[in-house]
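Enquirer: Next comes the sequence, and after it the predicted model I'd like to discuss.
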Amino acid sequence: MLRAAGLAPREHAFPDHHAYAAQDLDFGDDAPVLMTAKDAVKCRRFAGPQLWEVPVVARLSPADGAALIDQIAALVAVQGKA
């Protein structure tokens with residue numbers, strides 16, 4: 001999405017559910033740090049002006065949406081039997 005908007009991001013990958021600390025986002029420069037809302041909420045207590053939340057909207061094709069609903073329904077059915 002960022003590249004499609006003409007940006008050239010430098011990626012810094014963190015594991016899912018990472019417990020961020022301020023030093024995790026200090027990359028030795030004053031470039032803006034862009035992150036999803038899921039990660040931004042974890043950084044609010046130490047966020048400075050260089051941290052930016054980028055809104056992300058998931059758009060599924062009708063076929064992918066139907067497949068996701070089928071997967072959720074299957075999980076709910078399994079949970080109902082437990």
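Expert: Thanks, I have it.
Enquirer: C-alpha only now, for contacts and for neighbours.
Expert: Fine.
Enquirer: ok, the residue lying closest to Q50 once chain neighbours are set aside - contacts?
Expert: Nearest non-adjacent residue to Q50, counting by C-alpha to C-alpha, 6 or more residues apart in numbering: P32, 4.5 Å away. Counting by C-alpha atoms under 8 Å, 6 or more residues apart in numbering, P32 makes contact with 50-52.
Enquirer: Which ones among those residues map onto helices?
Expert: Judged by DSSP state H, these include no members of helices.
Enquirer: nearest to L25, of the residues you listed?
Expert: Of all the contacts of P32, the one with the least separation from L25 (C-alpha to C-alpha) is L51, at 8.6 Å.
Enquirer: Relative to P62, how far out is the closest one?
Expert: Distance, L51 to P62, by C-alpha to C-alpha, to the nearest Å: 35 Å.
Enquirer: Looking at these two, which is more packed in?
Expert: L51 (17 against 9; other C-alpha atoms under 10 Å).
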